[in-house]
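the following block contains a protein sequence and its predicted model.
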Amino acid sequence: MEGSVAYDSDLNLKATELRLGLPGTHEEQQAVSNVRNNKRPCVENETAPPPKAQIVGWPPVRSYRKNNSQPVYIKVSMDGAPYLRKIDLKVYSGYPELLQAIENMFKFTIGEYSEREGYKGSDYAPTYEDKDGDWMLVGDVPWEMFTTSCKRLRIMKGSEARGLGCGV
């Protein structure tokens, strides 16, 4: 046959042969895996993407999945003071610590709290607005409930706070 090319066994034709498939896979393995599942062969070097470090707000995340270490900032205002402050409730472990910080912020004294009489010994009473929009005296509910329901704090004159919670 004059028109045929003679192949020499010394030539490495497998190295230059064009074939379909991923580089580095053997032809026999690829043919078997493609026949079985008709999908691309699994490569061992593939790794899963790294997990996200922070939960993002979209799609909406349920409250129990949110990170509890996030700060809970609320605004604090005082009747007669020309400025507002913003504090993080997560910093404080209870009412005494919070009230002490507010006293230092606004340079005034809050009296002692009792369930029957409210705050005595001061012209001011610390109140807060809950999620429902109701104003209540600080200290009327347990601390954990307060930290989850408080939207903002207001240090109001004792005469204005008479109708809230206890008889101030």
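That came through fine.

distance of residue 90 relative to residue 99?
Going from residue 90 to residue 99 by C-beta to C-beta, to the nearest Å gives 16 Å. Quick note: C-beta positions are derived from backbone N, CA and C, even for glycine.

and these two? which has more neighbours close in?
When neighbours are counted by other C-beta atoms under 10 Å, residue 90 and residue 99 differ, and residue 99 comes out ahead with 19 against 13.

residue contacts, that one?
110, 126, 138 (C-beta atoms under 8 Å, 6 or more residues apart in numbering).

and those, which of them are buried?
Among the contacts of residue 99, those classed as buried by 16 or more other C-beta atoms under 10 Å are 110, 126, 138.

how close does the first one get to residue 151?
It refers to residue 110. For residue 110 relative to residue 151 (C-beta to C-beta), the value is 20 Å.

narrow the contacts of residue 99 to those in helices?
Within the contacts of residue 99, no residue falls in helices by DSSP state H.

can you show me the strands along this protein?
73-78, 85-88, 112-114, 118-120, 124-129, 135-137, 152-157 (DSSP state E).

save the ones you listed as CSV, and put in mean pLDDT and distance to residue 11 too.
Formatted as CSV, the strands of the chain follow (pLDDT from 0 to 100; distance: least, C-beta to C-beta, whole Å):
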stretch, mean pLDDT, distance to residue 11
strand 73-78, 94, 75
strand 85-88, 93, 76
strand 112-114, 70, 96
strand 118-120, 70, 98
strand 124-129, 91, 86
strand 135-137, 90, 91
strand 152-157, 92, 84
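
of these, which approaches residue 144 most closely?
For the strands of the chain, the distance to residue 144 is smallest for strand 124-129, at 14.2 Å, taking C-beta to C-beta.

which other helices and strands contact that closest one?
strand 118-120, strand 135-137, strand 152-157 (3 or more C-beta pairs under 8 Å, 6 or more residues apart in numbering; DSSP states H and E).

for that strand, give me every contacting residue.
For strand 124-129, using C-beta under 8 Å, 6+ apart, the contacting residues are 74, 78-79, 99, 102, 108, 110, 118-119, 135-139, 146, 150-158, 161, 164, 168.

any idea of the angle that strand forms with strand 73-78?
140 degrees (axes from the mean of the first three to the mean of the last three C-alpha atoms, to 10 degrees).
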